[in-house]
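Q: A predicted structure for the sequence below; I have some questions about it.
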Amino acid sequence: MRKILPGSILSYTQYGYYKVAKTIKSRCPKCSKSGLFTLKANFYLVNKTGLFAEGICSDCKKTSEFVIMLNDSNRTKEEAEVYIYDPTASKDSLEQMERDPNIAKDLLRAYISVLNVSQSKDNSATAVMSKRVLESILKNFLGEKSKGQTLSQQFEQLPKHVDFTTPLKTLSHLVHPDSPFNEMLDLEREIDDDSVALLIELLESLIDYLFVLPGKIESVTQTLEQKWNKTK
Ligand SMILES: [Zn+2]
């Protein structure tokens, strides 16, 4: 499942008191192009949490499935979140990880094991393998210093070993006043479709890096803590 960002929703329809996406611009899982989908919600398949919908890609005319989330008790927003069923999304990120020379092979093997055991619903094995992944990530940056230290101590030291400012320095260079990128932003240089796609990818990555990912770690942590407080 891949979340459709509000900026990609071009029009809405009303369902109960929810505003539900009607037309969406999204990367099509079938043809990988940026297609336009008009959603046809299947109101017979409604349950308390979601609404199933289908949309046909304007480019390849193939059907993709969408899920519209209705029951989101933490939110006061009336705009329902919408997800596209995209089996290529997690495969893509795994392939991307496999190509990345910076990701250690044993880390990757441990991570793939976690995905496999979690899919076969082996919860204990998932927990054990997840610990291996955390250890492997930390060892990747801390090296021998990770030995004999708890995970908590290692995470505490992590900021000294990772330069989180590198992507920001790269961007500072990219948008330099004389740069082609800056000329593109100021419309002094022609901008083709490929550049537009890259530009959008860049914006998405930056928003993910600065807002989405830190927020996700916080909210998952909070949800776990709330869950354990309840069962105390
Ligand atoms: Zn398509």
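A: Yep, it's here. Since the structure is predicted, the reported quantities are computational estimates derived from the model, not experimental observations.
Q: Report whether the expected contact of residue 52 with residue 69 is present.
A: No: applying Cβ atoms under 8 Å, one finds residue 52 not in contact with residue 69, separated by 11.1 Å. Glycine gets a C-beta too; all of them are placed from N, C-alpha and C.
Q: Next SSE downstream of the lowest-mean-pLDDT helix or strand in the chain?
A: One helix or strand of the chain scores below all others by mean pLDDT, DSSP states H and E: helix 87-99, with a mean of 76. Beyond helix 87-99 on the C-terminal side, the first helix or strand identified by DSSP states H and E is helix 105-119.
Q: Could you tell me how far that next one lies from the centre of the chain?
A: 18 Å (Cα atoms, centre = their mean, to the nearest Å).
Q: Over to stretch 111-121?
A: Centroid separation for stretch 111-121 versus its chain: 19 Å, with Cα atoms, centre = their mean.
Q: repeat for stretch 149-157
A: From the chain centre to the centre of stretch 149-157 is a distance of 26 Å (Cα atoms, centre = their mean).
Q: quick one on the thing from earlier: by how many degrees do the least confident helix or strand of the chain and helix 105-119 diverge?
A: Angle of helix 87-99 versus helix 105-119, following axes from the mean of the first three to the mean of the last three Cα atoms, to 10 degrees, is 160 degrees.
Q: what about helix 87-99 and the ion, any contact?
A: No: looking at helix 87-99 against the ion by Cβ under 5 Å from the ion, there are no contacts, and the closest approach is 11.6 Å.
Q: quick one: the strands in the chain?
A: Here the chain has its strands, by DSSP state E, at 2-3, 9-15, 18-27, 34-42, 50-57, 63-69, 81-84.
Q: For the ion, which of these is the nearest?
A: Among the strands of the chain, strand 50-57 comes nearest to the ion, with 3.0 Å by Cβ to the ion.
Q: Tell me the buried residues in stretch 169-183?
A: Residues of stretch 169-183 classed as buried by neighbour count (16 or more other Cβ atoms under 10 Å): residue 181.
Q: where does residue 45 land on pLDDT?
A: pLDDT recorded at residue 45 is 60.
Q: my bad, residue 78
A: For residue 78, the pLDDT comes out at 69.
Q: count of residues packed around residue 8?
A: Neighbourhood size, residue 8 [other Cβ atoms under 10 Å]: 18.
Q: For it, give its distance to residue 172.
A: Separation of residue 8 from residue 172 (Cβ to Cβ, to the nearest Å): 28 Å.
Q: How about residue 112?
A: As judged by Cβ to Cβ, residue 112 and residue 172 stand 35 Å apart.
Q: For residue 105, grab the count of nearby residues.
A: Residues lying near residue 105 (other Cβ under 10 Å) number 9.
Q: Same question for residue 130.
A: By other Cβ under 10 Å, the residues close to residue 130 number 16.
Q: Distance-wise, check the residue nearest to it when sequence neighbours are not counted relative to residue 139.
A: By the measure of Cβ to Cβ, 6 or more residues apart in numbering, the closest residue to residue 130 outside its immediate chain neighbours is residue 114, 5.5 Å from it. Distance of residue 114 to residue 139, computed by Cβ to Cβ: 16 Å.
Q: Spell out which parts of the protein neighbour the ion.
A: Residues of the chain found near the ion (Cβ under 5 Å from the ion) are 28, 30-31, 35, 57, 59-60.
Q: what residue ranges in this protein score low on pLDDT?
A: The chain contains residues with pLDDT under 70 at 43-48, 71-78, 90-92, 232.
Q: care to break it down by domain?
A: The chain breaks down into these domains under automatic domain parsing: 2-87, 100-162, 163-232.
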